[in-house]
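S.K.: task: produce atomic coordinates for the following.
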Amino acid sequence: MKILIIEDEARAASQLKRMISASGFYYELLGIIDTVEDAILWFKKNEAPELVFMDIQLADGLSFEIFQKIDLEAPIIFTTAFDQYAIQAFKVNSVDYLLKPIQQENLNNALSKFNKSIKNVPIEPYILKQLLGSIQSKNIREGILVKEGNGFLQIKTSELSYCYSENSITFGVASGKRYIINENIDELFDSLDQNKFFRINRGQIVSKTSISKIESYFNHRVKLAIINPRDQEFIVSRSKTNDFKDWMNS
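M.R.: Predicted coordinates for the structure are as follows:
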């Protein structure tokens with residue numbers, strides 16, 4: 001059985017491999033992918049695997065974005081740390097889902113379900129929209145605690161112009177001033193109002209109000225002029241360009 005693992009945590013991917021082997025399920029691993037962008041490229045260049053293990057939260061966004069670019073017909077077992085209420089629809093739109101930390105018994109049951117399934121039900125766009133809305137609305141917040149000198153300061157998310165990751169440190173820029181945010185950029189983006197903020201690439205998040213100009217750029221990408229850019233250059237990744245344009249039009 002040819003499988004593909006889409007997981008952005010190396011440790012979690014290695015553990016999943018060991019657990020699949022321990023289940024007695026015979027498989028050939030086609031690869032491990034850690035970003036939405038790389039997953040889209042992989043599916044465009046390769047035949048669909050017979051089974052996909054897919055984490056919901058990846059390094060550059062939610063894996064649901066993959067389905068907006070690819071008609072994926074392979075059965076999927078989702079892995080996620082999100083609360084169960086937000087993912088009930090997966091029961092009828094995929095093989096199964098596994099809540100992290102994954103338990104061996106639950107994995108065995110999911111594989112057994114896969115072996116018994118006759119066909120995979122494709123994930124409908126309206127289901128994805130519903131799931132995205134439920135997950136995003138749960139986490140939206142209005143304030144962020146940042147470091148200032150020897151202490152801390154809370155700034156409003158509405159004051160944020162952009163955020164970026166550099167040397168594993170997350171920075172936020174508000175009113176032209178840079179602050180250190182004690183969260184990784186994945187966690188930060190998931191907590192922001194995604195009607196107002198867009199993750200343009202793996203390491204940068206911008207607010208809609210901070211964008212002063214959009215220019216065409218090399219390889220079908222776009223480059224942004226941002227208010228108070230400091231030393232940053234803002235280029236929307238190729239896989240996100242169309243979604244970014246839709247977001248700007250919304």
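S.K.: now for the chain, the helix or strand with the poorest mean pLDDT.
M.R.: Lowest mean confidence among the helices and strands of the chain (mean pLDDT, DSSP states H and E): helix 90-93, at a mean of 48.
S.K.: tell me the helix or strand right after that helix.
M.R.: strand 96-99 (DSSP states H and E).
S.K.: list the buried residues for that next one?
M.R.: For strand 96-99, burial by neighbour count (16 or more other C-beta atoms under 10 Å) applies to 96-98. For every residue, glycine as well, the C-beta is placed using N, CA and C.
S.K.: again, but for stretch 223-242
M.R.: Under the neighbour-count criterion of 16+ other C-beta under 10 Å, stretch 223-242 has 224, 226, 229, 232, 234-241 buried.
S.K.: same check, this time on stretch 209-225
M.R.: Going by neighbour count (16+ other C-beta under 10 Å), the buried part of stretch 209-225 is 210-211, 221-222, 224.
S.K.: pLDDT for the residues you listed - can I get that in CSV?
M.R.: As requested, these are exported to CSV (pLDDT from 0 to 100):
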residue, pLDDT
210, 96
211, 96
221, 92
222, 95
224, 97
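S.K.: can you name the two of those residues that sit furthest apart?
M.R.: Across these, no pair lies farther apart than 210 and 221, at 18.4 Å, counting by C-beta to C-beta.
S.K.: can you list the domains in the protein?
M.R.: Domain segmentation of the chain under automatic domain parsing yields 2-138, 142-249.
S.K.: comparing the ones you listed by mean pLDDT, which bottoms out?
M.R.: Note on these: domain 2-138 shows the lowest mean pLDDT, a mean of 80.
S.K.: distance from the chain centre to that domain, please.
M.R.: Put simply, domain 2-138 sits 12 Å off its chain's centre (C-alpha atoms, centre = their mean, to the nearest Å).
S.K.: next one: phi and psi at the most far-flung residue of the chain relative to its centre?
M.R.: Distance from the C-alpha centroid of the chain peaks at residue 150, with 33.0 Å (C-alpha atoms, centre = their mean). When quoted as degrees, to the nearest 10, the phi and psi of residue 150 stand at phi -90, psi 0.
S.K.: before we move on, what about the one 10 residues further on?
M.R.: The phi and psi torsions at residue 160 (degrees, to the nearest 10) take the values phi -70, psi 130.
S.K.: who's it bridged to?
M.R.: residue 174 (DSSP bridges).
S.K.: ok so, going back, can you list the buried residues of stretch 209-225 in TSV and add secondary structure and distance to residue 110?
M.R.: Output for the buried residues of stretch 209-225, formatted as TSV (DSSP: H, G, I helix; E, B strand; the rest coil; distance: C-beta to C-beta, whole Å):
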residue	secondary structure	distance to residue 110
210	helix	43
211	strand	42
221	strand	38
222	strand	40
224	strand	41
